[in-house]
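Just to be clear, the model below is a prediction. Sequence and coordinates:
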Amino acid sequence: MGGDQETVLKEIRAALERETRINLHRYPIRLSFSADDLVLEGETENIAAKKLALELAGAEVSTARIVDRLRVAPAERMGDAEIRDHVCKVLIQEPALDTYTIRARRKDKMEILRQSAVEPAGDIRVEVEDGVVILNGHVPSLSHKRLAGVLAWWVPGSRDVINGLEEVPPEEDNDDEVTDAVRLVLEKDPFVDADRIRVSARNYTVTLEGLVQNQEIKEMAEFDAWYVFGVDNVANQLVVER
């Protein structure tokens, strides 16, 4: 490894150590270069730690491609088939996706679990590999793409979600789109009182303000925002009621 790459790795490790939301001692992250690509591997405590690690690494190597092999420690260990079935179930049960075709890969075959009778409609294909949920297909809006991704993240066994859904026709992404998606996700979360939370976004950093019942709900709302595709950071300014 060249001296410059070794220096970059040391700087990234130092940045990860300084970030209090990343616990490297309990959840170590392995850093390496493969040719000119920076590779991050390991299991993080939660979605915030994963995304923060990627952001900190990207800040140090703006010209290198980052290979993301970080996985989130699941709330419950599940096999791939169980995760896949849970993800398909929540997608089928979600009212906002009720006109979509839902498919799942079982072994080497993509099976149709629900065929849409509406045109144009969304078409979501679900695969799971080593706890990683892979979503492909097309949906009519960025909000639906983001909602599908969060629903997959909410399955307890999910270790990562690769959201390859395409919006048809294409939409221009911006902070307003992110804000709307986070609001939608908070409204879908049965544990969170979304009416008491104000959401804003600037340069893909989401800010949450308002009152919540306890610390657990405060963290749930923050993780909901982190799960949204495209969110780079979350400023959690929620206040726990006395």
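That came through, no problem. Computed from a predicted structure; not experimentally measured.

how many neighbours does residue 14 have?
Using other Cβ atoms under 10 Å, residue 14 has 11 other residues around it. All C-beta spots, glycine's among them, are computed from the backbone N, C-alpha and C.

So it, which state does it fall into?
Three-state assignment for residue 14 (DSSP: H, G, I helix; E, B strand; the rest coil): helix.

Can you tell me how far it is from residue 65?
Computed as Cβ to Cβ, to the nearest Å, the residue 14 to residue 65 distance reads 22 Å.

again, but for residue 157
Distance from residue 157 to residue 65, by Cβ to Cβ: 29 Å.

Of these two, which one has the most company?
Applying other Cβ under 10 Å to residue 157 and residue 65 shows that residue 157 carries more neighbours, namely 19 against 11.

What distance do you get for that one to residue 114?
22 Å.

got it, and residue 80?
Counting by Cβ to Cβ, the gap from residue 80 to residue 114 is 21 Å.

Now do the lowest-mean-pLDDT helix or strand in the chain: everything it contacts.
Least confident helix or strand, the chain: helix 3-18 with a mean of 92, by mean pLDDT, DSSP states H and E. Under the criterion Cβ atoms under 8 Å, 6 or more residues apart in numbering, residues 22, 24, 29, 31-33, 38, 53, 56-57, 59-61 lie in contact with helix 3-18.

Then stretch 233-242?
Outside stretch 233-242, the residues touching it (Cβ under 8 Å, 6+ apart) are 48, 51-52, 55, 197, 204-215, 218, 221-222, 225-226.

and these, which of them are in strands?
197, 205, 206, 207, 208, 209, 210, 211, 212 (DSSP state E).

buried subset of those residues?
197, 206, 207, 208, 210, 212 (16 or more other Cβ atoms under 10 Å).

on that earlier part again, in CSV: the ones in strands among the contacts of stretch 233-242, plus distance to residue 231 and pLDDT.
Output for these, formatted as CSV (distance: Cβ to Cβ, whole Å; pLDDT from 0 to 100):
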residue, distance to residue 231, pLDDT
197, 15, 98
205, 8, 97
206, 5, 98
207, 11, 98
208, 11, 98
209, 16, 98
210, 18, 97
211, 22, 95
212, 19, 96
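
Can you pick out the most distant pair from those residues?
Comparing every pair within the ones in strands among the contacts of stretch 233-242 by Cβ to Cβ identifies 205 and 211 as the most remote, at 21.3 Å.

Helix, strand or coil: sort out the residue nearest to residue 176 when sequence neighbours are not counted for me.
With sequence-adjacent residues excluded and distances taken as Cβ to Cβ, 6 or more residues apart in numbering, residue 176 is closest to residue 201, at 7.6 Å. Three-state assignment for residue 201 (three-state DSSP): strand.

list the contacts for residue 201?
Residue 201 sits in contact with 175, 176, 178, 179, 182, 207, 231, where contact means Cβ under 8 Å, 6+ apart.

Among the residues you listed, name the buried ones.
178, 179, 182, 207, 231.

isn't the last one right up against residue 179?
When you say that, I think you mean residue 231. No - between residue 231 and residue 179 no contact is recorded; they are 10.3 Å apart, counting by Cβ atoms under 8 Å.

Between these two, which contacts overlap?
Common neighbours of residue 231 and residue 179 (Cβ under 8 Å, 6+ apart) are 201, 206.

which residues of this protein score low on pLDDT?
1-3, 120 (pLDDT under 70).

Would you mind splitting it into its domains for me?
3-72, 80-167, 175-240 (automatic domain parsing).
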